[in-house]
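[1] What follows is a protein structure lacking sequence information:
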């Protein structure tokens, strides 16, 4: 059952954190003399680039979730343990909002500001460190950042990266929420959770 208070708290906190990255990008950009949104503009083909990038990353995510070998098991456990209890209370449009704000905020900061300011490698070292929940997760995030940075270099437009990041996060959230709900139902059926704990 959905807990409206927990859902509202998680949604508020997630959107506040991710949107704060937009303000940080703007402030640091002012200091560095870099406009984080300079390369962000509308192009129909940017949506195709973004969707293709998201589907590629999502396919890799599904493989990692389905076959969590070695360090991937620790990542899966972390994601389900830290995000699962919160996202099971969210509706799909909550997850879409969080994903969209995360895609915009993180891409403006890391690809819009840090990449032109610090270069492709340093911007993605920072991106990996910002996602350092496990060493393997940091390495994977850095590799994803390099992929997104390559897309920016190829297209000259930040929109494909925003679309890739947002769409990938949304699809991954949906999968994690589904796995978490399934686990919660199994725990209830096994008598491990009382109905009021759901």
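    Nice, I can see it. Not measured: the values here are computed from a predicted model.
[2] okay, CA-based contacts and neighbour counts for the rest of this
    Noted.
[3] list the contacts for residue 51?
    Listed by CA atoms under 8 Å, 6 or more residues apart in numbering, the contact partners of residue 51 are 160, 163, 164, 167.
[4] Look up how far residue 141 lies from it.
    18 Å (CA to CA, to the nearest Å).
[5] What of residue 63?
    Taking CA to CA, one finds residue 63 at 16 Å from residue 141.
[6] most surrounded residue in the contacts of residue 51?
    Counting neighbours by other CA atoms under 10 Å, residue 160 comes out on top of these with 30 neighbours.
[7] Correct me if wrong: it contacts residue 43.
    No. Between residue 160 and residue 43 there is no contact under CA atoms under 8 Å: 9.0 Å.
[8] Run through who's touching stretch 26-40.
    Stretch 26-40 is contacted from outside by 25, 108, 109, 111, 112, 113, 116, 117, 156, 157, 158, 159, using CA under 8 Å, 6+ apart.
[9] centre of the chain versus it, how much separation?
    With CA atoms, centre = their mean, to the nearest Å as the basis, stretch 26-40 stands 22 Å off its chain's centre.
[10] Stretch 9-20 now?
    13 Å.
[11] and it, average pLDDT?
    The pLDDT scores in stretch 9-20 average 95.
[12] What of stretch 82-100?
    Computed over stretch 82-100, the mean pLDDT rounds to 94.
[13] do stretch 184-197 as well
    63.
[14] Now do the buried residues in stretch 71-78.
    72, 74, 75, 76 (16 or more other CA atoms under 10 Å).
[15] ok, now stretch 23-30?
    25, 26, 28, 29.
[16] nearest to residue 100, of those residues?
    Using CA to CA, residue 25 comes nearest to residue 100 of the buried residues of stretch 23-30, at 16.3 Å.
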